[in-house]
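Visitor: predicted model and sequence below, questions to follow.
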Amino acid sequence: MNFVHLFQMLDTNQSTNAKRSALVEFIETAHPLESALAVEALTGRRERRQLKPSLLKQAAYQAFADESWLFEECYAAVGDLSETLAILLANQEAVSQTEDPVLAQWQACQRELSKKEPDTLTSDLLGLLSVMSRDEAFLFLKLSSGGFRVGVSKGLVHDAIARAIDMDRAVIEERMMGAFIPNEDWLHRLKEPVTQNELDARPLPFLLANPLSESDVLKLDPNHVAVEYKWDGIRAQLIKTHETIRLWSRGDQDITEQFPDIIEAATTLPSQLILDGEILAGSPEQLQTFNDLQTRLNRKRITQNLLKTNPAFFKAYDLLRVDGEDMRTQPLTVRKNILSKINVIQSQVIYPAAHQDIQDMRLKARIEGAEGIMIKDRQSTYVGGRKTGHWWKWKLDPMTADCVLIYAQAGHGRRASLHSDYTLACWNQNNELVPVAKAYSGLTDAELKAMDQWIRKHTLQKFGPVRQVEAVQVFEIGFEGIARSTRHKSGIALRFPRILRWRQDVGPQDADHLSHFETLMSDSNAV
Amino acid sequence: MVSKKRRHRDPLIIRTPEGLYCPKARAHIDPWRPVDCALITHAHADHARAGSKHYHCARGGEGLLAKRLGDHIIEPHSYGEPFSLGDVQISFHPAGHVLGSAQIRLDDGESVWVITGDYKRDLDPTCQPFEPIPCDVLITEATFALPIYRWPSMDQVMDQLFGWWDHHIRNQRTPVLLCYSLGKAQRIMAEIKQRSDRSVQVHGAVANLNIEYEKQGVQLCPWQRASESDKGVSTDLIIAPPQVAGSSFLKRFHPTELAMASGWMQVRGVRRRSAIHQGFVVSDHADWNSLIKTVKQSEATEVFATHGETRVLTRYLNDHLGISAERLETAFGIEDGIDQ
């Protein structure tokens, strides 16, 4: 298998499993230099642009001469420069060659082309494309112009490498950190025997909490539990070995590179340590919202500027390993006790004497910027998974607002033909409806069907799959938090909005005003 | 820039609220509202609408038209055999789009007009190939009038389809091909028949049309109604209209793998937006080169483009080929947004 074949498999398979097995097969069967260069491209390591998009465009204009407006029309319809050129200039009859390596040869071509003067570059490039199949031309141009993207994450590539050479995923993550030298030797280097340090750098299975309601809380013995705030961040394990510091999220993602500030702060910690806790945005004194945190996860490169505008820190609440010793079989109180002696930001814990103490803590949660409280059995050990009788979470009731439906779109999967994705709006100071949330669920199937029919009959305008509808229907939505947002017209973004009720009893004039959200925002600490 | 626009004193065909109309013949062409006399190019829903008093169509297409329209008066005419309405000689000519599809030629002794309807120039085992008809004025479709639309050969597409089909059978997934149930489905089944002894299962909408195709002597691969098959993963290809994506129809074959056969699949972004992961470029419309070739072969001095990329086609004809061309607004091609 070569890279073209791999791309075709990745591009036309929907399931992660299928993509993973395609990657595994590729790594196992491809020429080692081909797979090395492919891994470099797939993990976003190859950012150098050998051919600038402006040069590609220029080549197209020359090729189309006085019909360049026609090229512009094509580009507008396709929406991607490399793809447009591939369709127009590749050899239509050529079938992709899917076995022999291509990447090393392409790299040489790119280097050659990048040295050429613009005039000869155009004719050389056109000549090159005219002997390629469409997929080959597309990939060649994408890789050359630095815009290559196909739906696989770095994590998936690392996972596939681990499977292909039968190594532990965490060890591969560790070994793929930093510089990657794409040569024929790459798999041998990854296969070297695992060191103790690498074993120590693997995350342990997370203990998950079960949800709890008020009546359940009353059944618990306050003297047997510990209570702390439930923080709205990213659950993570901070791991420090003799040689390295790693941050792993619960989603089995190594997110070390996203949080250099947390890693920097952890350098003063004792080694041979694993902490369980939450990554939070802002500082312990001034929390920011979950949205601010997400910015960090979604960026490819964490700039100094981003570290300033969106700082993050780690709040520890459990201790899984200390001085190399596994603490998970120790009771919670023992783990908490040792944790309290370590110089790290940690979650405040109370040992309630009565149910009232638990209630009081929950009431204070919103002011503290937490999303509820955690109740933990004082004697509980730390085990992986959602075990009953260890940890519980008691969330705050969601904030609510009445909003007007203004746009609807068909859903996915079993809701593919039903208009089930709603854009909801509230009134602003100029008496206009401004969108505040998109909500997907919460209605019964019967309600969804009824709404679908109503939407079809009351569509004002269609924008592709989106229908603008008459502003008539009101829904009560629930959400977990509010943040300011420059991206939305309303200036706010809601966290986890969902429909609680169809308010058939009120009209659009009764829907909430933007000031309602402002009030909710100033009530909670996190702004 | 272009040859001077030569207006025919009385245009043979005009646009009315009901659709394209030939006053001298008192007949509408593919009207979108009920009229007295309708000339129908083919049985797709955006061209053949019910409610008119009298329909004319090409022989071979009357069965499909009757299925589409229900109980109406339908008069079939053999390809190339003229008949008169008023002072106008009218004849139907193969358009190569679907079974019984036609171009319509109208001749009042002063000028000859040809309405192509939907057409393609590629060979299709389910219908007679397109015939170029010389004329003064050509009214053409322009669905895919951009140079990015160049159809690959059917050999290339079928190789790709068989490879995809076998791949998913090996992985114990049912391959499902979504395509328009009238025309595209039967074309693919006929292409399968020519190349293999593979069999397929079809959605009810496809099955009903298959019967009509076979009645007209079209050779399809072995097929069975999907609703009458066993539950579970199928090694047969399932052929169904795009509307079944996400519906309960596919449940019996789970797990399934969806692909779409359409000219729109030429563009990766379109395929990805449609949440379909595999696309096969098969169209029953003319691609860019075919459109240009057809205009040239018609020798028409005036061209109207009815639907699709009309702006691009007319500009190209005016600016680069010196053929006077104009856009003509119609309600064709906007039925459900898929390539028919």
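Guide: Yep, it's here. Numbering: from 1, shown residues only, chains lettered A, B, ... in the order given.
Visitor: does residue B:175 belong to a helix, a strand or coil?
Guide: With DSSP: H, G, I helix; E, B strand; the rest coil as the basis, residue B:175 sits in strand.
Visitor: may I have the residues that are in contact with it?
Guide: By C-beta atoms under 8 Å, 6 or more residues apart in numbering or on different chains, the contact set of residue B:175 is B:164-165, B:168-169, B:237-238, B:256-257, B:259. Just so you know, the C-beta spots here come from the backbone N, C-alpha and C atoms, and that holds for glycine as well.
Visitor: what's the answer for residue B:254, then?
Guide: So residue B:254 contacts B:174, B:233 (C-beta under 8 Å, 6+ apart).
Visitor: okay, now the domains of chain A?
Guide: A:3-145, A:210-395, A:399-523 (automatic domain parsing).
Visitor: rank the ones you listed by pLDDT, which is bottom?
Guide: Ranked by mean pLDDT, the domains of chain A bottom out at domain A:399-523, with a mean of 85.
Visitor: distance from the chain centre to that domain, please.
Guide: 24 Å (C-alpha atoms, centre = their mean, to the nearest Å).
Visitor: and whatever residue of the stretch 251-400 of chain A ends up closest to chain B, how many neighbours does it have?
Guide: Going by C-beta to the nearest C-beta, chain B is nearest to residue A:298 of the stretch 251-400 of chain A, at 19.8 Å. Other residues lying near residue A:298 total 8 when counted by other C-beta atoms under 10 Å in any protein chain shown.
Visitor: how far away is it from residue A:425?
Guide: Using C-beta to C-beta, to the nearest Å, we find residue A:298 at a distance of 26 Å from residue A:425.
Visitor: cool, residue B:216 as well?
Guide: 54 Å.
Visitor: repeat for residue A:68
Guide: With C-beta to C-beta as the criterion, residue A:68 and residue A:425 are 43 Å apart.
Visitor: between the two, who's got more neighbours?
Guide: residue A:425 (24 against 14).
Visitor: can you give me phi and psi for that one?
Guide: phi -130, psi 160 (degrees, to the nearest 10).
Visitor: tell me both backbone torsions, phi and psi, for the residue of the stretch 251-400 of chain A closest to chain B.
Guide: Main-chain dihedrals, residue A:298, degrees, to the nearest 10: phi -90, psi -10.
Visitor: what's the answer for residue B:85, then?
Guide: phi -130, psi 120.
Visitor: please name the nearest non-neighbouring residue to it.
Guide: Nearest residue to residue B:85, sequence neighbours excluded (C-beta to C-beta, 6 or more residues apart in numbering or on different chains): residue B:25, at 3.9 Å.
Visitor: surely that neighbour meets residue B:89?
Guide: No - taking C-beta atoms under 8 Å as the definition, residue B:25 is not a contact partner of residue B:89, at 9.2 Å.
Visitor: any residues in contact with both of the two?
Guide: residue B:106.
Visitor: which of the two has more neighbours?
Guide: residue B:25 (21 against 16).
Visitor: how about the secondary structure of the more buried one?
Guide: coil.
Visitor: residue B:116 versus that one, what's the distance?
Guide: From residue B:25 to residue B:116 the distance is 18 Å (C-beta to C-beta).
Visitor: equivalent analysis for residue A:84, please.
Guide: Distance of residue A:84 to residue B:116, computed by C-beta to C-beta: 28 Å.
Visitor: next: residue A:385.
Guide: In terms of C-beta to C-beta, residue A:385 sits 66 Å off from residue B:116.
Visitor: chain A contacts on chain B?
Guide: Counting by C-beta under 8 Å from any C-beta of the partner chain, chain B comes close to chain A at B:146-148, B:150, B:152-153, B:156, B:164, B:171, B:243, B:245-247, B:257, B:266-269, B:275, B:277-278, B:309, B:312, B:315-316, B:320.
Visitor: next, count neighbours for residue A:304.
Guide: So residue A:304, with other C-beta under 10 Å, has 7 neighbours.
Visitor: was I right about residue A:344 contacting residue A:275?
Guide: Yes - in this structure, residue A:344 is within contact of residue A:275 by C-beta under 8 Å, at 6.7 Å.
Visitor: what about the residue of chain B found nearest chain A, neighbour count?
Guide: For chain B and chain A, the shortest gap (C-beta to the nearest C-beta) falls at residue B:246, measuring 2.6 Å. When neighbours are counted by other C-beta under 10 Å, residue B:246 registers 18.
Visitor: confidence score at it?
Guide: For residue B:246, pLDDT reads 74.
Visitor: which stretch of helix or strand covers it?
Guide: Per DSSP states H and E: residue B:246 is located in neither a helix nor a strand.
Visitor: who touches residue B:179 in this structure?
Guide: Per C-beta under 8 Å, 6+ apart, neighbours of residue B:179: B:185, B:188, B:239, B:241-242, B:260-262, B:282.
Visitor: mind picking the lowest-pLDDT entry from those?
Guide: The minimum pLDDT among those falls on residue B:242, with 90.
Visitor: how far away is that one from residue B:262?
Guide: 8 Å.
Visitor: likewise for residue A:232?
Guide: As judged by C-beta to C-beta, residue A:232 and residue B:262 stand 45 Å apart.
Visitor: one more: residue A:109?
Guide: 34 Å.
Visitor: who has more neighbours out of those two?
Guide: Neighbours per residue (other C-beta under 10 Å) separate residue A:109 from residue B:262, with residue B:262 holding more: 25 against 18.
Visitor: got the phi/psi numbers for the more buried one?
Guide: phi -170, psi 150.
Visitor: same thing with residue A:474?
Guide: phi -110, psi 140.
Visitor: how many neighbouring residues does the nearest residue to it once chain neighbours are set aside have?
Guide: In space, residue A:474 comes closest to residue A:503 once its chain neighbours are excluded; the distance is 4.2 Å by C-beta to C-beta, 6+ apart. Close neighbours of residue A:503, defined as other C-beta under 10 Å, add up to 17.
Visitor: you'd agree residue A:503 is up against residue A:402?
Guide: Yes - look at residue A:503 against residue A:402 with C-beta under 8 Å: they come within range, at 5.8 Å.
Visitor: can you pull the residues that touch both of these two?
Guide: Jointly contacting residue A:503 and residue A:402 under the rule C-beta under 8 Å, 6+ apart are A:474-476, A:510.
Visitor: of those residues, buried ones?
Guide: Buried by 16 or more other C-beta atoms under 10 Å in any protein chain shown: A:474-476, out of these.
Visitor: could you name the helices and strands sitting against whichever strand or helix holds residue B:303?
Guide: Per DSSP H and E: residue B:303 is located in strand B:302-308. Using 3 or more C-beta pairs under 8 Å, 6 or more residues apart in numbering or on different chains; DSSP states H and E, the elements in contact with strand B:302-308 are strand B:137-142, helix B:310-320, strand B:324-327.
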